[in-house]
Structure formats: C-alpha cells, structure tokens
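Student: sharing a model that was predicted from the sequence below.
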Amino acid sequence: MLKINHTKKPAPTVLFIFGGSGDLNQRKLTPALYNLWMDGLMPEKFSIIGTGRTDYSNEKFRDHLLEGINEFSRRKSDGNGSWEKFSQQVSYLRMDVDQPKDYVAMAKIISDCEAEWGVEAHVLFYLAVAPQLVPEITTNLNKLEKSKDKNKARIVIEKPFGHDLKSAEELNRLLTEMFDESQIYRIDHYLGKETVQNILALRFANALFEPIWNRNYIDHVQITAAETVGVEDRGGYYERSGALRDMVQNHILQLICMVAMEAPVSFEADEIRNKKSDVLNAIRKIKKEEVQQYAVRGQYSQGWVQGQQEKAYREEKGVAPNSSVETFAAVKFYIDNWRWQDVPFYVRTGKFLKEKTTLITVQFKEAPKYAFPPEASETWRSNRLTISIQPEMDIRLRFQAKRPGQTMSLNPVNMVFSYSDNYDAPQPEAYETLLLDAMMGNPTQFMRGDQVEIAWEVIEPILETWENRPPVDFPNYAPGTWGPEDAEALIAREGRNWITLPPKRKEG
Ligand SMILES: NC(=O)C1=CN([C@@H]2O[C@H](COP(=O)(O)OP(=O)(O)OC[C@H]3O[C@@H](n4cnc5c(N)ncnc54)[C@H](OP(=O)(O)O)[C@@H]3O)[C@@H](O)[C@H]2O)C=CC1
Ligand SMILES: O=C1O[C@H](COP(=O)(O)O)[C@@H](O)[C@H](O)[C@H]1O
C-alpha cells in the first residue's frame, strides 16, 4: 500500500549492508539512513552493520561514512553531536561473502541485538554488491534461521537485476526458491523520487488530466534522462552494462509505466504492480530487423566541457580501447493498447550530455482548427505538459496566450507548479523513501519479479542486435552535446523534436 502517513515507526531492525565499504553505501545509503534518523523515522531500536573485505575498525568505518555524509548528504553532520549519536549504532563486519562462518557471525549479531532490546528483531539484508555476488550471498543467507521468517526478514537487491532475460529469470528462480516473493525488494531508485511518485497524484487525484490522457489528445510522449558526467570510476561495471541496460531497462521503462498505466482501483502493492506489468506487456517488441529504425546508440569521444578536457569513453579506466559499449541510447517505443495505440514514446539517455536533466514531456495534439492568421504565431503544438523529475522539480503546463498589445499575436506561456515555491521542507532523497518502505514492509514502489523479466524482454531485441552488429562509427558524439545526430533524426523525421526546458517562467 502506498503510505499515507507515518504514525507508526518501523519495528526494531537489524540492517546488514553487503557492500558496506562500497560507493553506494557511502554516497546514498548511509546518508539516507542518517536523514531518516534526523527526521525521527528510524526504528526506536536499530543496528546498522556494513560488511566488506576491507580492513576497517568500527571507528575507521564511521570516519569513512562521515566523509560521505559531509560530501553527499542533504544534511551534513551538524556539529551538535547528531552524527556521533547516530553512528554509535553503526558498525562494521569484515567478511567475505563466500565464507559460511561469517554468516554465523551475522546470526550472533541478530541474537545479541534481540537479547539487548528484549524483542524479536526485524532484519533487512541490503545487497549493495555486484550482481554476480547475489547468488552466493542469498544461498548463505537462506541458511540463517532468521531469513526464513516471512514477516520479519527482507532482502533488498540492487540493480542491475540480472544481465539479460535469461540471467534475470535464473536469479528470480533462485530467490523465490529460497524466499517468499513478499520478502524480496528489487530496488529501482527512480521509483523513490518525489517527482516520480507525484505522477500518480497528478494523474489520479485530479479529474482534469485523465480525460485527455490518451491517443485522442496526445501526439507523443518523450523522456530524457541526461547526465553531464561520464562513467567516472565505474568503467568496469559499465563495460558489462551500457546505457540501455543501465538506464532504459529499469528507470526509463518504469517512468513509462507511471505515465502510461491505467488508474489503479487501490494503492495496494499488487494492484499498482499489476497495472505497471500491463503496460510493460503491451510495449511492442521491436523486431530485430527493425532495430535501426527504432533505436540509436552512441558513445562519447574526447572533448571539452566548460573549459575542461574530458577523456573519451574508450580511454576511461576499466574500458577496452575498442569498446563498442553505448554511453547513449535513444529508442522509440509503442504501447499497443486502446489508450496508447500509435502514440510514440521517444526516450533518450546518455552520459556527458549537454544538461543534467530528467524530463517527461507529454505533447498534446494541435487544436483542430486554428482560425488565427498564420502570422499570429510561429509556434505550433503549443500544448504540452512537462514533468521535471530533476534537478528542477516542477510541472509546467504550456498553452497559447495573447501577447499584450493591439495585435492578435500569440505566444506560448506556462503555468508552473514548482516544489520550491510551494513547499519549504527539503524533499527526501529517493533512497530515504525506499529504505523506509523496505523497513516498513511496503513493497509498492519496488519491482516485482515479473516486471523485471518483461522489461528485459522489451529491450532484448535491441541488445542482441547491437551486440551482434558492432558499431562502425563509435565514438560518435562529443561531450557537452545532445548525443549523436542520428538521435535527432529518429524524432525529426517524424516532424517532432526533442524538448528541453529553458529556465522557469522565461519560456518564450
Ligand atoms: N554507486 C552507485 O551510484 C550505484 C550503484 N548501484 C549498484 O549497487 C551495487 C554496488 O555498487 P557500488 O557500491 O558502486 O560498488 P563498489 O564497487 O563501490 O562496492 C562493491 C562492494 O562489494 C564488496 N565486495 C565485493 N566483493 C566482495 C566479497 N567477495 N565479499 C564481501 N564483499 C565484497 C566490496 O567490499 P570490499 O571492497 O571491502 O571487499 C564493496 O563494499 C552494484 O550492483 C551497482 O550496480 C546502483 C545504483 C547506483
Ligand atoms: O542507476 C543509475 O542511475 C544513475 C543516475 O541516477 P540519478 O538519480 O542521478 O538520475 C546513473 O548515473 C548510473 O549510471 C545508473 O547506474
């Protein structure tokens, strides 16, 4: 069920973070837990145990996490002892995931906490590790008595969930042999973003949009998820992934689900998940021989961004000098159902693009009859709704207005709902929301096994075609641009263009 309020706190919880010494924990997980604690949303009793092979003492581990708080958290250490108090409940367990004896140590930690707290604890196992370690860890966890408790033990699995359809199916099979589906939380952090969750409110708490939210009124939908950084130090991971696996299979398909799903009859987890699975199932499978018409790939070259010289992807650490892995992908999808038949969903994502932005645009059709003389307006297709997911958080409804003056001159204007103008409190980070949900036992905003598999099915023809046909033109875009020219052509040849947002309220 989607949460309505937080009158209840999570039950006393022991939280193990596999990959505790890793990047994700330092950047996102510990800052999220610290912010939850500062907001009074952590359980009354909790213990966080980071694991890894690195030789940390508890003190050194906390120092390492504090650096992450000061660099990445929305709240820094406040100098009033908050971090020190919080971090007393954080410790480190040095372990190798393939050593069964180390899981015995985990069992002891759980029973020690329970003895100290005088209650039976809930346990959350967060797997912030590379996917190849997941089978080993889960098989060992399955031997712990505690993990069999359906109501008290949960396991969070980071993306990527599998490498392709086959491996995702295998992973699902393995997990569901050992755990109940209700214990498995497949995380997609985009689903924890405030602006993404707000799509449900926008669509289903207002009578205004739903009547026109269909093929009769909508010309097309587009989603841009653009980053201004390269692969940084994740070249090793990215070489096995690429933009399609890294962003489209999960985050972007989930955004499509939020925009395209039918109205749920309740906010029960399975109701929402069923509605999303319906969308994924209805996405037209692109035939291999048609991939070139529907999808474009790119890889960044070296170049200059804001006076700084950037390396080509092929020069990044951990990347093969002749790599054919894509750092940019654009795809045109169709959803074959009554609501969306023939409405294209154009999506694009990439590293080292011109702007950091995640933007959903719903472009409405033209007015059926334009009685104004052509010289009244240069702009057509003026009606559009843009949902800025990040970094700006706003929704803009664009429509034509009369420019003040003695002539009937039209120009598009925006009605803007901006988070910062409407709410004083800072927005929680996605990982805060999702970690709290996992502790509360609320799987609504996590992916069910079937969704992950259908999402792989959707992109598999593209993946296979690209893997079998190495690109001849890589690298094909410079850092600081909007990607390869073919991506412009993908949409331009249908008389449309990619939309980016000028600053708030200045749009002309
Ligand atoms: N970093 C990010 O921004 C994001 C990451 N993710 C996902 O999260 C997961 C982790 O990513 P990230 O933190 O970046 O990766 P890192 O490489 O930074 O961390 C990997 C972690 O795994 C641990 N580890 C590796 N092998 C073993 C082993 N044999 N036994 C015990 N621990 C081991 C490492 O510990 P040690 O080195 O101490 O042995 C380390 O803590 C990945 O699946 C990634 O795709 C998802 C979204 C964003
Ligand atoms: O999952 C991932 O997401 C990030 C982008 O996340 P955002 O919240 O900053 O939009 C991306 O950089 C990374 O490659 C990918 O693995």
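Tutor: Arrived safely, thanks for sending. Ligands and ions are numbered 1, 2, ... in the order given.

Student: only C-alpha atoms for contact and neighbour calcs from this point on.
Tutor: Noted.

Student: which residues of this protein lie near ligand 1?
Tutor: Residues of the chain lying close to ligand 1 by Cα under 6 Å from any ligand atom are 19-24, 52-54, 95-97, 128-131, 158-160.

Student: buried subset of those residues?
Tutor: 19-22, 52, 54, 95-97, 128-129, 131, 158-160 (16 or more other Cα atoms under 10 Å).

Student: and those residues, which is closest to Pro443?
Tutor: Set against Pro443, the nearest of these by Cα to Cα is Glu158 (14.1 Å).

Student: what sits against that closest one?
Tutor: 126-129, 131, 186-188 (Cα atoms under 8 Å, 6 or more residues apart in numbering).

Student: torsion angles phi and psi at Ile199?
Tutor: Phi and psi for Ile199, reported as degrees, to the nearest 10, are phi -60, psi -40.

Student: inside strands: which ones of the residues of the chain next to ligand 1?
Tutor: If you go by DSSP state E, these have Gly52 in strands.

Student: now the strands for the stretch 251-400 of the chain?
Tutor: Ranges of strands in the stretch 251-400 of the chain, per DSSP state E, counting those that start in this stretch, are 295-298, 303-305, 308-310, 328-333, 345-350, 357-364, 384-390, 394-402.

Student: okay, those strands in JSON lines with mean neighbour count and mean pLDDT next?
Tutor: What follows is the strands of the stretch 251-400 of the chain, written out as JSON lines (neighbours: other Cα atoms under 10 Å; pLDDT from 0 to 100):
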{"stretch": "strand 295-298", "mean neighbour count": "25", "mean pLDDT": "98"}
{"stretch": "strand 303-305", "mean neighbour count": "15", "mean pLDDT": "93"}
{"stretch": "strand 308-310", "mean neighbour count": "13", "mean pLDDT": "95"}
{"stretch": "strand 328-333", "mean neighbour count": "24", "mean pLDDT": "98"}
{"stretch": "strand 345-350", "mean neighbour count": "26", "mean pLDDT": "98"}
{"stretch": "strand 357-364", "mean neighbour count": "22", "mean pLDDT": "97"}
{"stretch": "strand 384-390", "mean neighbour count": "22", "mean pLDDT": "96"}
{"stretch": "strand 394-402", "mean neighbour count": "18", "mean pLDDT": "95"}
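
Student: list the buried residues of stretch 211-228.
Tutor: Buried residues in stretch 211-228, counted by 16+ other Cα under 10 Å: 213-215, 218-228.

Student: dump the strands of the stretch 251-400 of the chain to CSV, plus distance to Pro43.
Tutor: Below are the strands of the stretch 251-400 of the chain laid out as CSV (distance: least, Cα to Cα, whole Å):
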stretch, distance to Pro43
strand 295-298, 46
strand 303-305, 45
strand 308-310, 45
strand 328-333, 41
strand 345-350, 38
strand 357-364, 33
strand 384-390, 30
strand 394-402, 32
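
Student: out of those strands, nearest to Leu255?
Tutor: strand 357-364 (8.3 Å).

Student: who does the closest one touch, helix- and strand-wise?
Tutor: strand 218-226, strand 384-390 (3 or more Cα pairs under 8 Å, 6 or more residues apart in numbering; DSSP states H and E).

Student: tabulate those (JSON lines), appending distance to Thr465.
Tutor: Supplementary listing: these in JSON lines, determined by distance: least, Cα to Cα, whole Å:
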{"stretch": "strand 218-226", "distance to Thr465": "23"}
{"stretch": "strand 384-390", "distance to Thr465": "31"}
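
Student: now Arg27: how far from Arg75?
Tutor: 13 Å (Cα to Cα, to the nearest Å).

Student: next helix or strand past the strand or helix carrying Leu171?
Tutor: Leu171 belongs to helix 165-178 when elements are defined using DSSP states H and E. Next helix or strand after helix 165-178 toward the C-terminus (DSSP H and E): strand 184-186.

Student: tell me the angle of the helix or strand Glu488 falls within relative to strand 345-350?
Tutor: Using DSSP H and E, Glu488 falls within helix 485-492. Taking axes from the mean of the first three to the mean of the last three Cα atoms, to 10 degrees, one finds that helix 485-492 is oriented at 160 degrees with respect to strand 345-350.

Student: helices or strands up against helix 485-492?
Tutor: strand 295-298.

Student: how about the stretch 301-450 of the chain: which residue is closest to ligand 1?
Tutor: Nearest to ligand 1 in the stretch 301-450 of the chain, going by Cα to the nearest ligand atom, is Tyr431, at a distance of 10.2 Å.

Student: give the full set of residues in contact with that residue.
Tutor: 28-29, 32, 189, 192.

Student: for Gly236, same thing?
Tutor: Applying Cα under 8 Å, 6+ apart, the residues near Gly236 are 317-319.

Student: over to Phe86?
Tutor: Taking Cα under 8 Å, 6+ apart, we find Phe86 in contact with 34, 37.

Student: for it, which three-state class applies?
Tutor: helix (DSSP: H, G, I helix; E, B strand; the rest coil).

Student: how close does it get to ligand 1?
Tutor: Separation of Phe86 from ligand 1 (Cα to the nearest ligand atom, to the nearest Å): 21 Å.

Student: and if you look at Phe474?
Tutor: Remark: distance between Phe474 and ligand 1 (Cα to the nearest ligand atom) = 25 Å.

Student: for that residue, what are phi and psi?
Tutor: phi -80, psi 140.

Student: got the contact list for it?
Tutor: Residues in contact with Phe474 (Cα under 8 Å, 6+ apart) are 298-301, 324.

Student: end-to-end on stretch 327-337?
Tutor: With Cα to Cα applied, stretch 327-337 spans 31 Å between its terminal residues.

Student: no wait, stretch 42-54
Tutor: First-to-last residue span, stretch 42-54, Cα to Cα: 27 Å.

Student: sounds good, over and out.
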